[in-house]
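K.L.:
return a 3D structure for these sequence lines:
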Amino acid sequence: STLARPLRFALLGCMLLAGAISGSVAVLYFFPLFVVRDLTQTSAIVALNGFLAIVVGVIVFSYESLSQQLEVTLREVREVRLREAQLRETAARAELASLQAQINPHFFFNTLNTIASLVEEDTDKAEEVLHRLAGLFRYTFKAASTDPVPLREELEFTRNYLEVERARFGERLQVEWEIDATSNEILVPGLLLQPLVENAI
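P.N.:
Predicted coordinates for the structure are as follows:
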């Protein structure tokens, strides 16, 4: 923290000062002749201990500074990576939501035209297609606002979509289904199949 760092340096300075003083006192205590013979040597010993304390302090200070800088840099790198991951996830969700929210407008208008033509020829068929179209849009809104859905729901939506298209294309549209029954409960993104089926048609 901001307060911890100056406190550590203050403690370090006190320890180094205490070490320099105790070192000088120890030398002078065990070798008292230095004091008696030559005050210059005594001063030199004290100065040497002080210099060593400063050197050690500079080394420790540099290490502490580099360690702090490295810690800050690593934290910033982690934050940047986290933000990148969040942005990628947001972009993926936005892209998926965009795909989920759209059913080709051409499909909608073509279906309305098909219903309009069926009203005169086959009112029951027109009503069926209209109900299927309403169901498609209900599912579209649901899939765009929920978590992944079971594959069986996607398949049911796809069947309804194809039945609406069959009302338009008639026997020209042929579909073969090969589905493993054990896969029905697998969770998939909503409207995963619709773009594939639409492009295939």
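
K.L.:
okay, CA-based contacts and neighbour counts for the rest of this
P.N.:
Will do.

K.L.:
would you list the phi and psi of residue 187?
P.N.:
phi -80, psi 130 (degrees, to the nearest 10).

K.L.:
quick one: pLDDT of it?
P.N.:
Residue 187 carries a pLDDT score of 93 in this model.

K.L.:
that one: how many residues sit nearby?
P.N.:
Counted with other C-alpha atoms under 10 Å, the neighbours of residue 187 add up to 15.

K.L.:
can you verify my assumption that it contacts residue 148?
P.N.:
Yes: if you go by C-alpha atoms under 8 Å, residue 187 and residue 148 touch, sitting 5.5 Å apart.

K.L.:
please report how far residue 63 lies from residue 54.
P.N.:
Distance of residue 63 to residue 54, computed by C-alpha to C-alpha, to the nearest Å: 14 Å.

K.L.:
and these two? Which one has more around it.
P.N.:
residue 54 (16 against 12).

K.L.:
ok, then the element right after the helix or strand hosting the more buried one?
P.N.:
Per DSSP states H and E, residue 54 falls inside helix 39-101. Following helix 39-101 in sequence order, the next helix or strand is helix 105-121 (DSSP H and E).

K.L.:
find the least confident helix or strand in the chain, judged by mean pLDDT.
P.N.:
helix 33-37 (a mean of 54; mean pLDDT, DSSP states H and E).

K.L.:
low-confidence ranges in this structure?
P.N.:
The model of the chain has pLDDT under 70 over residues 1-51, 53, 55, 57-58, 92-104, 144-146.

K.L.:
and if we set it to 80?
P.N.:
1-68, 89-106, 108, 141-147 (pLDDT under 80).

K.L.:
buried sites along stretch 158-175?
P.N.:
If you call a residue buried by 16 or more other C-alpha atoms under 10 Å, then stretch 158-175 has these buried ones: 158-168.
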